[in-house]
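>>> next one to model:
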Amino acid sequence: MLTFEHTETYDYPASGVFSRLIDLEERAAWIKGIIETRVTPEGPARVGTEYFESGKYSGFKSEKTVVVTELVQDQLLILETAPHEKQSFRESYRIEPISDASCRVHFAIEVGNVPKVAEFFMRQSMKKELPQTAAGLKAVLQD
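Numbers count the residues shown, from 1 in each chain. Next up, the predicted model:
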């Protein structure tokens, strides 16, 4: 299992950041590479929401369907592939309020069953992409 983590501080309240995180249909606005998304049911994420994403990351095409498995208002969002999937994927966002007007978000991505030959490239790519994703989220919060 490969794990990638990044923590970013935002000058926005936890509730504002959380509302962007659970708007799965708008992830392409802050995550570079997303080409197509489908959310079932439509609307803000809740436990059980299915999210399909197709994208191109570091030159590789990726498609995955994840399900919201945990959601704690203004604190936590976790999306995971179904247990029977060939490649496991788990994405989590933990929000820690710092004050009424700022918070810290801990981004974590875990990927299982990655071919050995791809591990090196994935590590190099994610080292750059997670901070870019965090910056993308910050940019949409400013809008």
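
>>> contacts and neighbour counts: CA atoms only from here.
Fine.

>>> wasn't residue 15 part of a helix?
Yes: with DSSP: H, G, I helix; E, B strand; the rest coil as the criterion, residue 15 is part of a helix.

>>> what's the nearest residue to it if we skip its chain neighbours?
Leaving out its chain neighbours, the residue that sits closest to residue 15 by Cα to Cα, 6 or more residues apart in numbering is residue 74, at 5.0 Å.

>>> what kind of secondary structure is that neighbour in?
Strictly by three-state DSSP, residue 74 counts as coil.

>>> wait, it sits on residue 18?
Yes: Residue 74 is within contact range of residue 18, at 5.2 Å (criterion: Cα atoms under 8 Å).

>>> what touches both of the two?
In terms of Cα atoms under 8 Å, 6 or more residues apart in numbering, residue 74 and residue 18 are both contacted by the residues residue 95.

>>> so who does the residue nearest to residue 15 touch?
The contact partners of residue 74, by Cα under 8 Å, 6+ apart, come to 14-15, 17-19, 95.

>>> residue 88 versus that one, what's the distance?
26 Å (Cα to Cα, to the nearest Å).

>>> from residue 14, how far out is residue 68?
According to Cα to Cα, residue 68 stands 19 Å off from residue 14.

>>> bridge partners for the most centrally placed residue in the chain, pull those for me.
Residue closest to the mean C-alpha point of the chain, counted by Cα atoms, centre = their mean, is residue 91 at 5.3 Å. Counting by DSSP bridges, residue 91 forms beta bridges with residue 79, residue 109.

>>> and it, how far from residue 11?
Taking Cα to Cα, one finds residue 91 at 23 Å from residue 11.

>>> and what of residue 21?
In terms of Cα to Cα, residue 21 sits 15 Å off from residue 11.
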